[in-house]
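Participant: what would the 3D arrangement of this be:
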Amino acid sequence: MSLRLLRIIWVITRYRLDTLLPLERLPWYLRLMFILSPLRLVPVGKRAPGERLRLALEALGPIFVKFGQLLSTRRDLLPEEIADELRRLQDQVPPFPGREARELVEAELHMTIDEAFAHFEPEPLASASIAQVHAARLHTGEDVVAKIIRPGIEHIMRQDMALMYRVAGVLARIPEARRLRPVEVVRDYESTLFDELDLHKEAANTSQLKRNFKNSPLLYVPATHWSHTRRRVMVQERIYGIPVADLAALKAQGTDLKRLAERGVEIFFTQVFRDNFFHADMHPGNIFVSREHPHDPQYIAIDCGIVGSLTREDQDYLARNLLAFFHQDYYEVAALHIESGWVGENTRANEFAAAIRTVCEPILEKPLKDISFGQVLLGLFKTARRFNMEVQPQLVLLQKTLLNIEGLGRQLYPDLDLWTTAKPYLEQWMKERAGASGFWESLKRQAPELARQLPELPSVAHHALSRIEHEHRQRHRQALALDGIRRQLKDGSRSSRRLRLGVLLAGLALAWQPLSEWAAGQPWPVLLIAVIGLLLLAWQ
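Facilitator: This is a model prediction of the structure:
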């Protein structure tokens with residue numbers, strides 16, 4: 001752990017990443033710390049800032065490369081030069097040698113390369129943070145690609161995750177950061193990230209996504225060759241689409257970019273709400289566009305290692321929130337947050353609604369080029385700090401995917417109105433979900449379970465009624481017993497009072513002679529006090 005931390009500090013120092021920070025925006029004590037830091041003694045060098053950042057992320061490993069991939073889609077938040085450099089992280093990470101790739105394939109398939117393929121290209125087509133891809137041809141003549149996990153990557157990832165857990169544990173002790181639930185977020189990220197190391201899971205995800213969009217004009221998913229797929233090797237149909245980030249090639253073939261951007265939004269909402277199974281790693285390196293029918297463009301999706309799904313409650317919550325935003329009904333947004341328990345139960349809906357209105361009102365009804373979803377999230381988090389709002393780990397993947405969708409939409413068609421494109425789809429989905437057709441579909445889905453339970457309903461009802469009657473009788477017996485105890489205590493109190501009075505009178509009778517002599521010589525105030533004391537004893 002300490003060695004890994006030292007390496008991270010060394011990489012930051014080597015590439016002088018501190019120079020990328022906007023010092024003027026930092027608090028004065030942090031500015032002073034950076035000004036006096038020994039880092040300033042290390043020369044910056046001749047490399048451009050974007051190149052230094054990209055090289056540092058590559059040196060730090062897959063978790064940091066993933067972060068750079070996400071940043072590369074946010075051209076609204078980054079300078080153009082830095083965004084162009086980070087885009088190279090999507091499929092131009094330095095590869096591992098082709099000899100190692102051959103050895104790993106042979107070890108996984110338990111056969112030689114010549115037995116597995118008619119041809120295997122030793123130079124990779126693309127190289128990413130966790131795996132790289134080689135072109136090949138099967139003995140049946142089909143062109144395929146072989147995806148191969150990087151050797152030794154799991155050990156590096158476990159070191160990085162251990163470090164992230166330690167940082168999250170420190171943040172969890174800070175009240176301002178605790179509401180972000182850093183440990184839970186890291187835990188969710190860990191599970192999704194390590195799923196990418198098992199290509200069996202990615203192959204299963206790919207098959208599911210392909211089945212969901214079978215014969216769809218929106219999205220094509222390449223077929224998986226299960227006979228050549230193992231935990232660290234996956235073989236798929238090779239596709240020849242245009243990378244979605246290659247705007248020059250898309251324009252050259254006459255692609256309808258407006259329709260392409262709108263279809264990207266439709267695909268996202270279809271995956272989230274119709275299928276409840278969405279591709280959660282939609283950076284441009286994983287998205288291509290078919291060369292066929294440029295006026296009716298079709299997406300091609302690869303790399304389904306990270307997918308997400310929501311509970312029915314989360315789906316309803318998300319749809320109702322988005323519709324409330326589209327209708328600018330901020331009170332409904334606030335009420336949904338309170339109802340779901342995302343903010344403190346003592347939060348006043350009207351105050352929360354006013355705070356949300358202040359953040360969101362300026363950005364609605366604008367084209368996508370004028371809206372930054374990242375800035376909206378930042379503003380909402382700042383606002384929610386007043387209301388103890390917590391980040392929900394189950395929606396982190398969805399938030400990440402939304403950021404990718406926004407970045408992709410900006411590149412394809414900056415004038416796309418995301419709200420106008422998504423609103424009709426969400427309204428139709430809610431109508432189907434809450435209307436008669438939705439009720440009928442829910443009834444059909446639950447019919448087998450209802451049919452199984454129906455014959456048991458009489459006995460279940462009889463048992464419930466018997467239990468209610470038994471509990472009623474038991475409560476009646478308990479009430480009678482409590483009344484008896486109270487009467488006994490009352491009678492005991494009376495008997496005790498009579499006993500004390502009798503003892504007091506007997507004592508007075510026996511001590512009357514000496515008491516009368518004592519009383520004859522006392523002043524009347526003393527006698528009055530003595531009488532009051534005797535009366536109090538008798539009363540007690």
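Participant: what's the burial count for residue 56?
Facilitator: Using other Cβ atoms under 10 Å as the criterion, residue 56 is surrounded by 20 other residues. C-beta: built from backbone N, CA, C; applies to glycine.
Participant: in the chain, which spans are strands?
Facilitator: For the chain, the strands defined by DSSP state E cover 119-120, 126-127, 131-137, 143-149, 219-220, 233-237, 242-243, 278-279, 287-289, 299-301, 307-308.
Participant: output the third one as PDB - backbone C-alpha positions only.
Facilitator: Provided in PDB are the C-alpha atoms of strand 131-137 (Å, rounded to 0.1, in the frame of the first residue of the first chain):
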ATOM      1  CA  ALA A 131      -7.500  -5.400 -22.300                       C
ATOM      2  CA  GLN A 132      -6.400  -5.200 -25.900                       C
ATOM      3  CA  VAL A 133      -7.900  -6.400 -29.200                       C
ATOM      4  CA  HIS A 134      -6.300  -8.500 -32.000                       C
ATOM      5  CA  ALA A 135      -7.800  -9.200 -35.400                       C
ATOM      6  CA  ALA A 136      -8.100 -12.800 -36.400                       C
ATOM      7  CA  ARG A 137     -10.000 -15.200 -38.800                       C
END
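Participant: what comes up buried for it?
Facilitator: Burial within strand 131-137, assessed by neighbour count using 16 or more other Cβ atoms under 10 Å, is assigned to 131-136.
Participant: and for stretch 123-131?
Facilitator: With burial defined by 16+ other Cβ under 10 Å, the residues of stretch 123-131 counted as buried are 124-131.
Participant: for it, what is the distance to the chain centroid?
Facilitator: Centre-to-centre, stretch 123-131 and its host chain are 28 Å apart (Cα atoms, centre = their mean, to the nearest Å).
Participant: got any ranges where the stretch 1-150 of the chain has weak pLDDT?
Facilitator: 1-2, 22-23, 25-27, 30, 70-71, 73-77, 90-92 (pLDDT under 70).
Participant: actually the stretch 151-300 of the chain, not the one I typed
Facilitator: Confidence mapping of the stretch 151-300 of the chain against pLDDT under 70 gives the ranges 174-180.
Participant: and if we set it to 90?
Facilitator: 151-197, 245, 258, 261-266, 268-270, 272-276, 278-286 (pLDDT under 90).
Participant: quick one: the helices in it, in order.
Facilitator: With helices called from DSSP state H, counting those that start in this stretch, the stretch 151-300 of the chain shows them at 153-171, 175-178, 182-195, 199-212, 247-252, 257-269.
Participant: can I get those helices in TSV including mean neighbour count and distance to residue 321?
Facilitator: Formatted as TSV, the entries for the helices of the stretch 151-300 of the chain read as follows, by neighbours: other Cβ atoms under 10 Å; distance: least, Cβ to Cβ, whole Å:
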stretch	mean neighbour count	distance to residue 321
helix 153-171	15	26
helix 175-178	11	24
helix 182-195	17	20
helix 199-212	18	24
helix 247-252	13	33
helix 257-269	20	14
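Participant: need these in TSV (columns: distance to residue 287).
Facilitator: Formatted as TSV, the helices of the stretch 151-300 of the chain follow (distance: least, Cβ to Cβ, whole Å):
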stretch	distance to residue 287
helix 153-171	23
helix 175-178	33
helix 182-195	19
helix 199-212	13
helix 247-252	12
helix 257-269	8
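Participant: of the ones you listed, which is nearest residue 59?
Facilitator: For residue 59, the closest of the helices of the stretch 151-300 of the chain is helix 153-171, at 11.2 Å, according to Cβ to Cβ.
Participant: let me know the closest of the buried residues of stretch 123-131 to residue 354.
Facilitator: Nearest to residue 354 among the buried residues of stretch 123-131, counting by Cβ to Cβ, is residue 129 at 43.2 Å.
Participant: thought the closest one was touching residue 65?
Facilitator: Yes: counting by Cβ atoms under 8 Å, residue 129 does reach residue 65; the two are 3.6 Å apart.
Participant: any common contacting residues for these two?
Facilitator: In terms of Cβ atoms under 8 Å, 6 or more residues apart in numbering, residue 129 and residue 65 are both contacted by the residues 89, 93.
Participant: per-residue pLDDT of residue 379, please?
Facilitator: pLDDT, residue 379: 65.
Participant: contacts only, for residue 40.
Facilitator: Residues near residue 40 by Cβ under 8 Å, 6+ apart: 18, 34.
Participant: how far away is it from residue 416?
Facilitator: Distance of residue 40 to residue 416, given as Cβ to Cβ, to the nearest Å: 44 Å.
Participant: the residue nearest to residue 37 when sequence neighbours are not counted - how many residues pack around it?
Facilitator: Spatially, and ignoring its direct neighbours in sequence, residue 37 is nearest to residue 18 (6.9 Å; Cβ to Cβ, 6 or more residues apart in numbering). Residues within reach of residue 18, counting by other Cβ under 10 Å, total 15.
Participant: test my guess that residue 18 contacts residue 41.
Facilitator: No: here residue 18 does not reach residue 41: they are 11.7 Å apart, not a contact under Cβ under 8 Å.
Participant: need the overlap of contacts for these two.
Facilitator: Overlap between the neighbourhoods of residue 18 and residue 41 is empty, taking contacts as Cβ under 8 Å, 6+ apart.
Participant: quick one: the residue nearest to residue 421 when sequence neighbours are not counted and residue 168, what's the gap?
Facilitator: Ranked by Cβ to Cβ, 6+ apart and with sequence neighbours excluded, the top spatial neighbour of residue 421 is residue 265, at 4.7 Å. Plainly put, residue 265 is 33 Å away from residue 168 if you go by Cβ to Cβ.
Participant: likewise residue 237?
Facilitator: If you go by Cβ to Cβ, the gap between residue 237 and residue 168 works out to 40 Å.
Participant: same check on residue 58?
Facilitator: Taking Cβ to Cβ as the criterion, residue 58 is separated from residue 168 by 24 Å.
Participant: same question for residue 203.
Facilitator: As judged by Cβ to Cβ, residue 203 and residue 168 stand 31 Å apart.
Participant: residue 229 too?
Facilitator: Taking Cβ to Cβ as the criterion, residue 229 is separated from residue 168 by 34 Å.
Participant: same check, this time on residue 141
Facilitator: 51 Å.
Participant: which parts of the stretch 301-450 of the chain are helices?
Facilitator: 312-326, 330-340, 349-360, 373-384, 396-412, 418-434, 436-453.
Participant: can you tell me which of the ones you listed the model trusts least?
Facilitator: Comparing mean pLDDT across the helices of the stretch 301-450 of the chain, the weakest is helix 436-453, with a mean of 58.
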